[in-house]
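Trainee: Build me a structure from this.
(one chain, ligands or ions: 1)
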Amino acid sequence: MGLEDFPRWMPEEQRDKLLQTRRLALEELAPVAMNGEPGRVNRPLLRALGEHGVLPQIFPSEGPVSALTLCLLREGLAGGSTDAETAFALQGLGSYPILLFGSAELRQRWIPPVASGEAVAGFALTEPDAGTDAGALSVRADRVDGGYRLVGVKKWISNAPDADVYSIFARTSDGGARGLTAFVVPGDSEGVSGEPLELLAPHAIGTLELDGVFVPDDHVLGEVDHGFSVAMRTLDLFRASVGAFAVGMAQVALETATGYAAERRSFGKPLREFQAVSHQLAEAAARVKAARLLVYDAAALYDAGDRVTKAAAIAKLYATETAQWVIDAALQIHGAAGLERGHILEHLYRDVRGRASTKERRRSSARSSPASCIARELLRCTRARPGRRGRTVPPPRTGRWPGSGARSACGRPPIAP
Ligand SMILES: Cc1cc2nc3c(=O)[nH]c(=O)nc-3n(C[C@H](O)[C@H](O)[C@H](O)COP(=O)(O)OP(=O)(O)OC[C@H]3O[C@@H](n4cnc5c(N)ncnc54)[C@H](O)[C@@H]3O)c2cc1C
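Mentor: Predicted coordinates:
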């Protein structure tokens with residue numbers, strides 16, 4: 001990666017943070033990651049993330065981490081070890097509901113050990129019959145003296161069943177997404193159990209069974225029946241950084257393919273001298289650059305407090321699609337070599353499919369998919385509602401362009417060649 005790969009506005013210290021994190025991941029974290037048991041929490045890796053000062057950076061003393069820092073760290077980690085990146089991101093996702101909505105006591109109890117990598121955190125929203133449709137959650141939180149009892153099953157929960165603490169979303173009243181409440185539940189609470197699950201790419205994930213788990217009142221996060229906004233506030237912060245993780249993987253694939261095309265010879269010359277190959281590399285480079293610009297732009301907007309819904313969805317959608325495209329192209333350029341078990345591209349190919357999962361993909365038309373989100377925002381703008389800071393968005397012109405007889409299908413003048 002060179003200077004030209006970064007957004008022009010990004011200061012040197014931020015570029016350095018990304019490059020140093022990438023080096024650290026490659027040299028120090030990847031060897032620890034390789035020794036972990038596939039599909040289970042790798043505690044030495046989490047401790048290494050703490051000791052090398054990566055995890056503590058998402059828990060600054062002054063409050064929540066900036067989206068930009070999150071993106072720099074996630075792209076850097078993904079460039080050196082996707083396992084380290086995953087472990088890092090899940091710690092943040094699992095513990096941010098506590099940091100954003102927990103009492104001082106809960107924050108004091110859980111944030112320092114999560115930041116040092118001593119305690120493992122999990123974010124438990126999905127259930128066997130409620131994934132995309134989070135409003136259909138059926139895990140119950142029944143009111144009892146001094147608190148609640150949680151009953152039901154969560155599924156596809158990263159870090160389950162090994163996590164030390166979970167942010168769990170359960171139903172406290174009827175009314176779809178409006179009747180959910182968020183709770184902090186220690187993993188060793190009576191009535192908590194679970195089983196690991198095996199995925200296409202090794203990922204610490206499993207089920208979480210809640211058999212009448214008692215949760216005291218002071219372990220409620222935010223307000224009762226407002227758990228959905230706890231989940232959304234957490235996911236909003238992390239949204240653009242999903243794109244950063246994807247860009248990190250795509251960058252590695254691009255570099256690997258470029259190196260291979262320079263060395264591998266076919267018909268008496270290096271692969272890169274075949275136009276079909278060099279154009280694939282060129283397109284990959286263009287896509288990675290565009291994805292990175294989108295990601296850091298969305299992160300900067302978020303940090304400035306601007307409305308970021310559309311920008312973050314575009315960044316996440318484009319970056320995850322880019323990662324899949326670039327990794328696939330890199331594999332193609334490698335022929336059989338990239339398919340060998342243990343090859344970096346074989347690993348990335350499975351990882352990107354497993355992580356850029358259901359919601360990220362363009363083909364999904366679910367309400368919560370980035371594509372649906374972008375479309376909703378486009379339509380919202382046509383209604384000229386006031387912007388968040390009082391600015392109004394003018395309705396689009398349709399039909400005739402002022403002063404011109406020309407008309408195009410989308411209501412804009414034809415673009416001059
Ligand atoms: C690697 C990995 C880690 C995960 N970690 C966690 C975690 O830590 N915590 C957690 O709570 N969950 C986690 N999940 C679960 C994840 O959030 C769900 O997989 C996701 O919400 C989709 O739910 P589902 O798998 O039940 O698919 P479904 O909701 O059953 O959807 C199946 C397909 O139908 C599509 N679809 C659904 N509704 C519509 C609609 N209205 N219109 C059009 N298409 C639709 C979906 O887009 C999808 O393609 C993880 C998943 C993976 C793969």
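Trainee: Could you use CA atoms for every contact and neighbour count after this?
Mentor: OK.
Trainee: neighbours around Ile205, how many?
Mentor: Neighbourhood size, Ile205 [other Cα atoms under 10 Å]: 23.
Trainee: Enumerate every residue touching it.
Mentor: Counting by Cα atoms under 8 Å, 6 or more residues apart in numbering, Ile205 touches 39-40, 156-161, 196-198.
Trainee: Please enumerate the helices of this protein.
Mentor: With helices called from DSSP state H, the chain shows them at 12-24, 30-34, 43-51, 67-80, 82-101, 104-116, 227-263, 275-303, 309-334, 344-355, 370-382.
Trainee: Mean pLDDT and distance to the ligand for those helices - can I get that in CSV?
Mentor: Shown next, in CSV, are the helices of the chain (pLDDT from 0 to 100; distance: least, Cα to the nearest ligand atom, whole Å):
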stretch, mean pLDDT, distance to the ligand
helix 12-24, 96, 22
helix 30-34, 97, 17
helix 43-51, 98, 16
helix 67-80, 98, 15
helix 82-101, 97, 7
helix 104-116, 98, 16
helix 227-263, 96, 9
helix 275-303, 97, 21
helix 309-334, 96, 13
helix 344-355, 92, 5
helix 370-382, 82, 9
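Trainee: Point out the one among the ones you listed that comes closest to Arg143.
Mentor: With Cα to Cα as the measure, helix 227-263 is the member of those nearest Arg143 (15.6 Å).
Trainee: ok now that closest one, how far from the chain's centre?
Mentor: Here the centre of helix 227-263 is set off from its chain's centre by 7 Å, with Cα atoms, centre = their mean, to the nearest Å.
Trainee: So is stretch 204-222 next to the ligand?
Mentor: No. Taking Cα under 6 Å from any ligand atom as the criterion, stretch 204-222 and the ligand are apart, separated by no less than 6.7 Å.
Trainee: What residues of that stretch count as buried?
Mentor: 204-210, 212-216, 219-222 (16 or more other Cα atoms under 10 Å).
Trainee: and what of stretch 370-386?
Mentor: So, applying 16+ other Cα under 10 Å, buried residues of stretch 370-386: 370-374, 381.
Trainee: Now the two most distant members of the residues you listed.
Mentor: That would be Pro370 and Cys381, which, of those, are the farthest apart (Cα to Cα) at 16.6 Å.
Trainee: Would you list the buried entries among the contacts of Ile205?
Mentor: Buried among those (16+ other Cα under 10 Å): 39-40, 156-161, 196-197.
Trainee: Same list, these, but as TSV with pLDDT please.
Mentor: As requested, those are exported to TSV (pLDDT from 0 to 100):
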residue	pLDDT
Gly39	89
Arg40	95
Trp156	97
Ile157	98
Ser158	97
Asn159	98
Ala160	98
Pro161	97
Pro196	97
Leu197	96
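Trainee: out of these, which are inside strands?
Mentor: 156-158 (DSSP state E).
Trainee: how about those in a markdown table, adding distance to Asp16?
Mentor: Converted to a markdown table, these look like this (distance: Cα to Cα, whole Å):
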| residue | distance to Asp16 |
| --- | --- |
| Trp156 | 35 |
| Ile157 | 33 |
| Ser158 | 30 |
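Trainee: Give me the subset of the residues you listed that also touch the ligand.
Mentor: 156-158.
Trainee: what's the closest of these to Pro60?
Mentor: Ser158 (23.8 Å).
Trainee: Quickly note the distance from the closest one to Tyr166.
Mentor: For Ser158, the distance to Tyr166 equals 10 Å [Cα to Cα, to the nearest Å].
Trainee: List the residues that are in contact with both of those two.
Mentor: Common neighbours of Ser158 and Tyr166 (Cα under 8 Å, 6+ apart) are 122-124.
Trainee: Please list the members of those residues that lie in strands.
Mentor: Members of the shared contacts of Ser158 and Tyr166 lying in strands (criterion: DSSP E): 122-124.
Trainee: of the residues you listed, list those near the ligand.
Mentor: Contacts with the ligand within these, counted by Cα under 6 Å from any ligand atom: 123-124.
Trainee: most surrounded residue in the ones in strands among the shared contacts of Ser158 and Tyr166?
Mentor: Gly122 (29 neighbours).
Trainee: From Ser95, how far out is the spatially most central residue of the chain?
Mentor: Nearest to the mean C-alpha position of the chain, counting by Cα atoms, centre = their mean, stands Val242 at 2.8 Å. Distance, Val242 to Ser95, by Cα to Cα: 17 Å.
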